[in-house]
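Q: based on what follows, work out the 3D shape:
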Amino acid sequence: MRPSVSLYRFPTRVSMHLDSPAPGFYLEIAFDTIRKTRDISICPPAEYLVPQAMSPASSSTIRTSATALFIILILAPFFLDRWLSRETDVRMADGRETDAANPGRYGFLLTDATAAAGIDFFHAKPQLDPQLDPIMPHISALGASVSVVDFDNDGWQDLYATSSRKGTPNALYRNQGDGSFAEVAGEAGLADVNGDGGVSMGSVWGDYDNDGYEDVFIYMWGRQCLYRNLGDGTFEDATGAAGLDRWMNANSAVWTDVDRDGQIDLYVGGYFSEVYDLWQVTTTRIMQESFEYANNGGHNYLFLNRGNGRFEDVTEAYGADCTRWTMSVGAADLNGDGWPDLYLANDYGPEVLFLNIEGKRFEQPAGTTLEETSKSGMNVAFGDLYNDGRADVYVTNISKRGYLFQGNNLRRNLMAENGRMLNIAEGEIADAGWAWGAQFGDLNNDGFVDLFVTNGFVSADPEEDYWYEMSRVAMGNNNIFQDVRNWAPMGDQSLSGYERSRLYLNDGTGRFYDVAESVGVNDRYDGRGVALADLFNRGVLDVVVANQDGPLVLYRNEVDGENAWISFELKGTRGNASAIGAEVRVFRDGRQQLQVVTAGASFAAQSQRRRHFGLGAATEIKRVEIRWPSGTVQTLEHPEINRLHTVTEPEG
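A: Numbering: from 1, shown residues only. Predicted coordinates:
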């Protein structure tokens, strides 16, 4: 058996054969048809790995072979990608054609209703310092976001979308209740956010002053913004009064009641270091120090709500700092102790879990809770995949045939058994391309949460691919790729462009299958944030996607009426008014379905806080248990199905 060095692993269903790459070398390709993976191994002669005396002639041959091997290592991904893309596209086209012949087979269809709803928002990407021009398409590929909120308390879910170029407005779409939306950001005071102080990257909504109206924190590249809802359809800038007026290059934020005092707190994730003004850089060394374990990103901050309209920076005291280029952060009680934990998806490095120690500090668990595998984390999504009453976690990453297969992480929550968040992702759900935002939700009301994933990085010239240049940069050291000037100019090249969104259907066993095109999702925009909400109060989840330098898209969901459902609108009293952190459990047919009320647990998006459960063929529910953030547990016996229930926390 010859020694071999495994170089690549990626999913595929095609086969190929390559001849010997250099004298004495051969390629060995092993297929696993069950896991749908292949191992490509370059096998050198034994003398390469076994020290021995070599003649000058042998040494010369080895040097020549080594040169050939190096060339193969550089060029093989390029040709493999072209070959595999050609073969796989044929296979996928065949499958899609078969699915398209049965458009209703999955129990629901998504129809683009953007124009019909009166939505015409188009995101504008950032324009930064010209010194960053060599890879400006890469750096400026962030900022498209969408949040769902009922800002005027009329019972209809509204939409807030951000733009990211100075001088371009954000949009607030008020739901008219008749299938259409009216853009009211200007009159509300939420349009003109992008200016000399910075540009929007996303927004999270929560009632931080407990007055019954949802306020909004807009996280920025620049000075952060907090707007207080005045209850009359308008907002006032409360950033300075709240003590949040600081410069950050933030890419994520989440509301959560860390200390369970009834006042929601704020955790903000930094991306580029806060020492940089990206419109007036004093150095071009602004990029990550590593593609695997970068720790030179912006600081993360924890702000405790002191209940008087002000927030206090307690990051250091709580041990909650991180400089790992955080892309997304979610808050939920993952270990079942009643306190909300923080889960971070970080670019250029591993995920981070901060366990909340009784509201007094955060600790990173030791041991094997999370594997230390370095990836490119983009999104955190919580969902009860197995209807076992636990919040599992999905983190998106990057995959590109022939170049890189990090694979998305689907972590089953086993904290109660062995303290682990076990990655069980395999097959289709592990490979979603250059994946961004993702949300769990039961889109066909069959009783199992499905998963919508946005996709695509930079779509430019489809005939020009920057992946080869990217791989060359990645082979360098941090002194090379930290400096923008050392990157090959992107120009009009694509980088994982024209990829399609994925919609993974849960078959009830924890397995997921992509049915996106079969149910009507076939766009090729560069997707970023995705939000789910019952926009038309019909008992089904609709989908809204924010696209980078592209349109906001609304998919209206048409569901087979045979499946039952139930929804809950929660209003806190003893705890925070938004009920952020509450857990809702539905008990039926010997199983329990869990959903957590969150405020920002996704990349560049916030779904409705109303909790929607599909029930499949169920005709009744045994009981519903609500665990409020205050610790109060409320039980509803045999609630009526196929309706929305508004539930107020008991004050006693």
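
Q: tell me the contacts of N642?
A: 539, 564-566 (Cβ atoms under 8 Å, 6 or more residues apart in numbering). Backbone N, C-alpha and C define where each C-beta goes, glycine included.

Q: I should have written I398 there, sorry.
A: 375-376, 404, 406, 433-435, 496.

Q: which stretches in the stretch 351-500 of the chain count as strands?
A: All strands of the stretch 351-500 of the chain, identified by DSSP state E, counting those that start in this stretch, fall at 352-357, 361-363, 380-383, 392-395, 399-400, 404-405, 409-414, 420-423, 435-441, 450-455, 461-465, 493-494.

Q: could you dump those to CSV with mean pLDDT, mean neighbour count and distance to V519?
A: As requested, those are exported to CSV (pLDDT from 0 to 100; neighbours: other Cβ atoms under 10 Å; distance: least, Cβ to Cβ, whole Å):
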stretch, mean pLDDT, mean neighbour count, distance to V519
strand 352-357, 97, 20, 34
strand 361-363, 98, 17, 40
strand 380-383, 98, 27, 19
strand 392-395, 96, 26, 19
strand 399-400, 75, 22, 22
strand 404-405, 66, 20, 26
strand 409-414, 94, 22, 21
strand 420-423, 93, 19, 27
strand 435-441, 97, 29, 13
strand 450-455, 98, 27, 10
strand 461-465, 97, 13, 25
strand 493-494, 98, 22, 27
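
Q: Throw those into JSON lines and include distance to A185, thanks.
A: Listed next are these as JSON lines, based on distance: least, Cβ to Cβ, whole Å:
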{"stretch": "strand 352-357", "distance to A185": "34"}
{"stretch": "strand 361-363", "distance to A185": "35"}
{"stretch": "strand 380-383", "distance to A185": "27"}
{"stretch": "strand 392-395", "distance to A185": "31"}
{"stretch": "strand 399-400", "distance to A185": "36"}
{"stretch": "strand 404-405", "distance to A185": "39"}
{"stretch": "strand 409-414", "distance to A185": "36"}
{"stretch": "strand 420-423", "distance to A185": "39"}
{"stretch": "strand 435-441", "distance to A185": "22"}
{"stretch": "strand 450-455", "distance to A185": "23"}
{"stretch": "strand 461-465", "distance to A185": "34"}
{"stretch": "strand 493-494", "distance to A185": "32"}
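
Q: can you tell me which of the ones you listed is nearest to N210?
A: strand 352-357 (21.2 Å; Cβ to Cβ).

Q: so which elements touch the closest one?
A: strand 341-346, strand 361-363 (3 or more Cβ pairs under 8 Å, 6 or more residues apart in numbering; DSSP states H and E).

Q: so where's this structure shaky on pLDDT?
A: Applying pLDDT under 70 to the chain flags the ranges 1-104, 368, 372, 374, 402-405.

Q: residue contacts, the residue minimising distance to the centre of the chain?
A: Central residue of the chain (Cα atoms, centre = their mean): N379, 2.1 Å from the mean position. Contact partners of N379, counting by Cβ under 8 Å, 6+ apart, are 327-328, 345, 394-396, 435-438, 602-603.

Q: among the residues you listed, which pair sits farthest apart?
A: Using Cβ to Cβ, the two most remote members of the contacts of N379 are M327 and Y394, lying 13.6 Å apart.

Q: so can I have CSV of the contacts of I398 showing distance to D207?
A: Below are these laid out as CSV (distance: Cβ to Cβ, whole Å):
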residue, distance to D207
K375, 35
S376, 34
L404, 42
Q406, 38
G433, 37
W434, 35
A435, 32
S496, 38
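
Q: need the buried ones from those residues selected in PyMOL.
A: Selection of the buried residues among the contacts of I398 in PyMOL, burial being defined by 16 or more other Cβ atoms under 10 Å:
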select buried, resi 375+376+404+406+433+434+435+496
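
Q: the stretch 501-650 of the chain: helices as residue ranges?
A: Along the stretch 501-650 of the chain, no segments are classed as helices by DSSP state H, counting those that start in this stretch.

Q: cool, the stretch 201-350 of the chain as well?
A: 239-242, 315-318.

Q: now these in JSON lines, with mean neighbour count and distance to V521?
A: Formatted as JSON lines, the helices of the stretch 201-350 of the chain follow (neighbours: other Cβ atoms under 10 Å; distance: least, Cβ to Cβ, whole Å):
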{"stretch": "helix 239-242", "mean neighbour count": "16", "distance to V521": "37"}
{"stretch": "helix 315-318", "mean neighbour count": "16", "distance to V521": "39"}
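
Q: nearest to D192, of those?
A: Here helix 239-242 is closest among the helices of the stretch 201-350 of the chain (Cβ to Cβ), at 14.1 Å.

Q: can you list contacts of the closest one?
A: 208, 223-227, 245, 309-311.

Q: switch the cut-off to 6 Å
A: If you take Cβ atoms under 6 Å, 6 or more residues apart in numbering as the criterion, helix 239-242 is touched by 225-226, 245, 309-311.

Q: can you show me the strands along the stretch 101-250 of the chain?
A: Taking DSSP E, counting those that start in this stretch as the criterion, the stretch 101-250 of the chain carries its strands at 108-112, 145-149, 158-162, 171-175, 181-183, 198-206, 215-223, 225-229, 235-237, 247-256.

Q: distance check, the residue nearest to L505 when sequence neighbours are not counted against A430.
A: For L505, ignoring the flanking residues on the chain, the nearest one in space by Cβ to Cβ, 6 or more residues apart in numbering is V515 at 4.9 Å. As defined by Cβ to Cβ, to the nearest Å, V515 lies at a distance of 17 Å from A430.
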